[in-house]
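Visitor: I'd like to go over a predicted model; first the sequence, then the structure.
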Amino acid sequence: MPTTSVPITSCYHCGNDCTAHDLCVDDRHFCCDGCKTVYEILSANQLCQYYDLNTRPGQTPKQIARMAFLDLPDVLRQLVEFTNENITIVTFYIPTIHCSSCLWLLEHLYRLNPAIRQSRVDFLKKQVHITFATAELSLRELAELLTSLGYEPLISLSDVVQQQQAPTYRPLLYRLAVAGFCAGNIMLFSFPEYLGLDDPSFRHWFGIINLLLATPVVFYSGSGYFESVWRSLHRDVRRGLINIDFPILLGILVAYCRGTYEVFALNGAGYYDSVAGLIFFLLCGKWFQQRTYDFLSFERDYKAYFPLAVMRLKTDLEGVGAQRSSSDAETPVPVADLQKGDHIRIRHGELIPADGMLYRGRGIVDYSFVTGESEPEHKEPGTLLFAGGRQLGETIDIEIVRETSQSYLTQLWNNDAFRKADGDKFATFADYVGKYFTLTVLSLATLTGLYWYAYRGEVSTAVNAFTAVLIVACPCVLSLSYPVALGHGLRLLGKQKFYLKNADVIEQMAACDTIVLDKTGTLTTATEQATERTGTGPISVAEDFSPALTDFERALVLSVVRQSAHPLSRRLTAYFSSVHPLPTEGFTELSGQGVQALVDDWMVKLGRLNFVGADPSAQKATGVVVHLSIEGHYRGCFHFPAQYRPGIDTMLADLSKTHELHLLSGDNDAAKPQLLRWFRNDRMVFECTPQQKLDVVRRLQAEGHRVLMVGDGLNDAGALKQADVGIAVTGDTIQFTPASDGILDASALRELPRFLRFSRFGMQLIRFSFCVSLLYNFVGLSYALTGHLSPIVAAILMPLSSTTMVLIGTLGMRWWAAKKLSA
């Protein structure tokens, strides 16, 4: 009995086999309801471009009923990075991300559900960072949406999403293994031609075998080049840019097509040994490059020093509900040393370094560092506070419930919301040179191929020369030298307590010709031990009150200043260390003006003379002073002798040799005679408000200067953001502005001249690497233009040259650091 054959086709979404009689929509066939549903969702939201980027890119959707556990509050707390009544931020690890279509679809999730505010994919880590509206979408619904699209997130209660994913090299190693296996066999079948055993029949059949072996090498092992160029054609061509992988892919395709023509039309052996060998050695270079990048990333996330400290409380009491004394002893510790269960104190303006439970004080938390939105949130004791928030109110104490993540803080720091408005003003050296590299190579290869083909009539030589020029003129030489040299620079500076936002900051530092320094808290220190006027020991604070302050008034002062992280407030806190504080309400700190609070029903103000409400004629004190008024009555002021940090004189003398120095201070000009040793009279500005500091930086930039601003991040956050490079100096505090480009531990401030010389050396090293690469390209191109350089030899030279660039960058930066930074 005759049987009816059922035509087999492929699922339009995932590519699995299905029959033509299966589910069909818009003349497209699907293997299951899941794939059909995904297509209908994408089609209804005009997202079918997903299928244009790659052929059958989808994953078969899985059952989603098991996602119900994501509704549990305990699970939610473990997985999310941040949540409030408005938005929630979560990072999912999605193993099925594999191509440009995945990236495109996952970054357009907001078109599938308007509750999704933003989604950003980290392709290498296979992670997607999603921000969504808390009231409109649950975590479970988000996970179910991803699963329905074929991108099921990998979720475990060990909080796998929050941990650094171990780098995976499997896809690259698979492609490398296929290329190596096929290249070896192609060379084996090409031995008769190598040895001159010219049997036409054997040569033809060996050529067909080599074609079968070379095809998976080109279209599987070389698939990364196809994807890279395809993405570039969609993204960069409109801006006049050409991907640096384009000449490499063109060379591969030309050699492959020419070989195929030779096998079928001329009964030849083709160029498959060159093609397979070329891809194999290219992948070897890419594997080495990826391992180098991952090493630098690991060193930065886990071994570099992130110079932020926090005050840990010394207490034996445990549990959020336990009663603690507000005068618990404080010890500064690096944020990297915080552990679950530690109790820490956060003052006004300080950053919350890790997720913790608020147990004392009322929080007014600004989460703009996390969300980019600056609306403060009021928090009561017993509330969970998330890492990255900034306390804007009184001092609060929290108990750490999740250890800090240095890589998470660095990720927040590099958030797009905190990029400088004119962040593109620095065209990196690599971008500047690479802009013309690809076009030049394409033109030179085309002219070379035309010369040998049209003028000399040598087709074989024309193909060899064209391909060799494309390969030997390696753009990887340039693209490697910049990130490797500066990446090692980041790591080495981090070990010296100078933590930079990203590698580009090193280049920007090297270009700065003007340095603007804040005085209080930057050149002067706030950490010396203050001593009361008892007749013994050093006096770091002098009182000018008539009559003298009573014990009760001292308690009022301490209760206010202990809430603030300002350097002068901290000196007063140390000065009154033996005084017992009183209950405080309504603490407020105005940048550049002063602090105030209601203490035991008494209004206390400290700061500038006009801030405390006194008549300017009442007192005309000189030097660094803090005025005090209680219940509107002016009482007098505290004097602070200048305490300059050790090594400042040598540092300023070194900087003045290479840079134009400016000083900005919120204090009066009493210290001017001493500062004239280092600063010109017309380059010092006193009694500056934060806005005036910002205006000075803008004026210098308008005059054509590239400005490096060094401050403590308190009253100069705007100036740090405006400057070409902003460096925040930190001590035993977690004061930090995300607009800064670097964080410098106060103890390492004296080494700033060395750090700047190191940045200039890094750029010189990159230029030297570029000269070496030019020499390599000149010699290689000179030989390739003659048509005598085999493409496979060019492919061997490429990773060797890349290795040379890595060694120059690594060894050069290490040599300078060992000789100069550690001296």
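Guide: Looks like it came in fine. Numbers count the residues shown, from 1 in each chain.
Visitor: Where do the domain boundaries of the chain fall?
Guide: 23-166, 195-303, 309-412, 433-498+751-823, 499-519+645-750, 542-640 (automatic domain parsing).
Visitor: closest to residue 176 out of those?
Guide: Nearest to residue 176 among the domains of the chain is domain 195-303 (4.5 Å), distances taken as C-beta to C-beta. Every C-beta, even on glycine, is put in place using the N, C-alpha and C of the backbone.
Visitor: which strand residues sit across from residue 745 in the sheet?
Guide: With DSSP bridges as the criterion, the beta-bridge partners of residue 745 are residue 730.
Visitor: so how many other residues sit close to it?
Guide: Here the count is done by other C-beta atoms under 10 Å, and residue 745 has 20 residues near it.
Visitor: What pLDDT is listed against it?
Guide: At residue 745 the predicted local distance difference test score is 83.
Visitor: Does it touch residue 730 like I think?
Guide: Yes: judged on C-beta atoms under 8 Å, residue 745 makes contact with residue 730 at a distance of 6.3 Å.
Visitor: where does the stretch 101-250 of the chain dip in pLDDT?
Guide: For the stretch 101-250 of the chain, residues meeting the criterion pLDDT under 70 lie at 101, 123-124, 156-169, 191-203, 231-245.
Visitor: Let me see the ranges of the helices in the stretch 601-750 of the chain.
Guide: Counting by DSSP state H, counting those that start in this stretch, one finds helices in the stretch 601-750 of the chain at the ranges 648-658, 672-675, 690-702, 717-722.
Visitor: which one of those has the most crowded surroundings?
Guide: Compared across the helices of the stretch 601-750 of the chain, helix 717-722 shows the largest average neighbour count, a mean of 24 (mean count of other C-beta atoms under 10 Å).
Visitor: which helices and strands sit right next to it?
Guide: helix 690-702, strand 707-711, strand 725-730 (3 or more C-beta pairs under 8 Å, 6 or more residues apart in numbering; DSSP states H and E).
Visitor: Turn these into JSON lines, columns for distance to residue 634 and mean pLDDT.
Guide: As requested, those are arranged in JSON lines below (distance: least, C-beta to C-beta, whole Å; pLDDT from 0 to 100):
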{"stretch": "helix 690-702", "distance to residue 634": "25", "mean pLDDT": "90"}
{"stretch": "strand 707-711", "distance to residue 634": "30", "mean pLDDT": "91"}
{"stretch": "strand 725-730", "distance to residue 634": "33", "mean pLDDT": "86"}
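Visitor: Of all these, which one comes closest to residue 441?
Guide: Residue 441 sits nearest to strand 725-730 of all the helices and strands packed on helix 717-722, at 34.0 Å, using C-beta to C-beta.
Visitor: In CSV, list the C-alpha atoms belonging to the closest one.
Guide: Taking Å, rounded to 0.1, in the frame of the first residue of the first chain, the C-alpha atoms of strand 725-730 are listed here in CSV:
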residue,chain,number,x,y,z
VAL,A,725,39.2,64.4,35.6
GLY,A,726,37.7,64.6,39.1
ILE,A,727,39.5,62.8,41.9
ALA,A,728,37.8,62.4,45.3
VAL,A,729,40.2,62.1,48.3
THR,A,730,38.9,59.8,51.0
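Visitor: Run through the neighbouring helices and strands of it.
Guide: Looks like strand 725-730 contacts helix 504-511, strand 707-711, helix 717-722, strand 742-745 (3+ C-beta pairs under 8 Å, 6+ apart).
Visitor: Toward the C-terminus from the first one, list the very next helix or strand.
Guide: Stepping forward along the backbone from helix 504-511, the first helix or strand reached (DSSP states H and E) is strand 514-518.
Visitor: quick one on the thing from earlier: so which of the helices and strands packed on helix 717-722 comes closest to residue 172?
Guide: Of all those, the one in closest proximity to residue 172, counting by C-beta to C-beta, is strand 725-730 (35.9 Å).
Visitor: by how many degrees do the closest one and strand 707-711 diverge?
Guide: Orientation of strand 725-730 against strand 707-711 (axes from the mean of the first three to the mean of the last three C-alpha atoms, to 10 degrees) gives an angle of 10 degrees.
Visitor: Give me the buried positions along strand 725-730.
Guide: Along strand 725-730, the positions that meet the burial threshold by neighbour count (16 or more other C-beta atoms under 10 Å) are 725-730.
Visitor: do the same with stretch 260-267
Guide: Applying a neighbour-count criterion of 16+ other C-beta under 10 Å, the buried positions in stretch 260-267 are 260, 262-263.
Visitor: Which one of these is nearest to residue 151?
Guide: Of all these, the one with the least separation from residue 151 (C-beta to C-beta) is residue 260, at 37.0 Å.
Visitor: Please identify the helix or strand for the residue nearest to the closest one when sequence neighbours are not counted.
Guide: What sits nearest to residue 260 in space, not counting adjacent residues and going by C-beta to C-beta, 6 or more residues apart in numbering, is residue 211, at 6.3 Å. Using DSSP H and E, the secondary-structure element containing residue 211 is helix 200-216.
Visitor: Which residues belonging to that helix are considered buried?
Guide: Neighbour-count burial for helix 200-216, counted by 16+ other C-beta under 10 Å, picks out 203, 206-207, 209-211, 213-214, 216.
Visitor: Using a markdown table, lay out those together with distance to residue 283.
Guide: What follows is the buried residues of helix 200-216, written out as a markdown table (distance: C-beta to C-beta, whole Å):
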| residue | distance to residue 283 |
| --- | --- |
| 203 | 28 |
| 206 | 25 |
| 207 | 24 |
| 209 | 22 |
| 210 | 19 |
| 211 | 20 |
| 213 | 16 |
| 214 | 15 |
| 216 | 13 |
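Visitor: so residue 311 is in which element?
Guide: For residue 311, the element it lies in under DSSP H and E is strand 309-314.
Visitor: Could you point out the helix or strand that follows that strand?
Guide: Counting by DSSP H and E, the element that comes right after strand 309-314 along the chain is strand 329-334.
Visitor: Now do the end-to-end distance for stretch 141-154.
Guide: Between the opening and closing residues of stretch 141-154 there is a gap of 15 Å (C-alpha to C-alpha, to the nearest Å).
Visitor: Then stretch 599-608?
Guide: Across its full length, stretch 599-608 reaches 20 Å between end residues, using C-alpha to C-alpha.
Visitor: Please work out the average pLDDT along that stretch.
Guide: Within the predicted structure, the mean pLDDT of stretch 599-608 is 91.
Visitor: List the buried residues of that stretch.
Guide: In terms of neighbour count (16+ other C-beta under 10 Å), stretch 599-608 has its buried residues at 599, 602-608.
Visitor: Also stretch 359-368?
Guide: With the criterion 16+ other C-beta under 10 Å, stretch 359-368 contains buried residues 359-368.
Visitor: and that stretch, how far apart are its ends?
Guide: Across its full length, stretch 359-368 reaches 23 Å end to end, with C-alpha to C-alpha as the criterion.
Visitor: A strand includes residue 88, no?
Guide: Yes: the secondary structure assignment for residue 88 places it in a strand, going by DSSP: H, G, I helix; E, B strand; the rest coil.
Visitor: ok, it - how many residues close by?
Guide: Residue crowding around residue 88 was assessed by other C-beta under 10 Å; the count is 25.
Visitor: For residue 389, give its distance to residue 361.
Guide: With distances taken as C-beta to C-beta, to the nearest Å, residue 389 is found 14 Å from residue 361.
Visitor: before we move on, the earlier item: JSON lines please, covering the helices of the stretch 601-750 of the chain and showing distance to residue 517.
Guide: Written out in JSON lines, the entries for the helices of the stretch 601-750 of the chain read as follows (distance: least, C-beta to C-beta, whole Å):
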{"stretch": "helix 648-658", "distance to residue 517": "8"}
{"stretch": "helix 672-675", "distance to residue 517": "10"}
{"stretch": "helix 690-702", "distance to residue 517": "11"}
{"stretch": "helix 717-722", "distance to residue 517": "11"}
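Visitor: Looking at the ones you listed, spot the one closest to residue 118.
Guide: In this view, the helices of the stretch 601-750 of the chain are compared for proximity to residue 118 by C-beta to C-beta, and helix 717-722 is the closest at 22.4 Å.
Visitor: Output stretch 460-470 as PDB, restricted to C-alpha atoms.
Guide: What follows is the C-alpha trace of stretch 460-470 in PDB, where atoms were taken according to Å, rounded to 0.1, in the frame of the first residue of the first chain:
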ATOM      1  CA  SER A 460      46.700  32.900  -7.900                       C
ATOM      2  CA  THR A 461      49.200  35.600  -6.900                       C
ATOM      3  CA  ALA A 462      46.400  38.200  -6.900                       C
ATOM      4  CA  VAL A 463      44.300  36.100  -4.400                       C
ATOM      5  CA  ASN A 464      47.300  35.400  -2.200                       C
ATOM      6  CA  ALA A 465      48.400  39.100  -2.200                       C
ATOM      7  CA  PHE A 466      44.800  40.400  -1.600                       C
ATOM      8  CA  THR A 467      44.200  38.000   1.300                       C
ATOM      9  CA  ALA A 468      47.700  38.400   2.900                       C
ATOM     10  CA  VAL A 469      47.400  42.200   2.900                       C
ATOM     11  CA  LEU A 470      44.000  42.000   4.700                       C
END
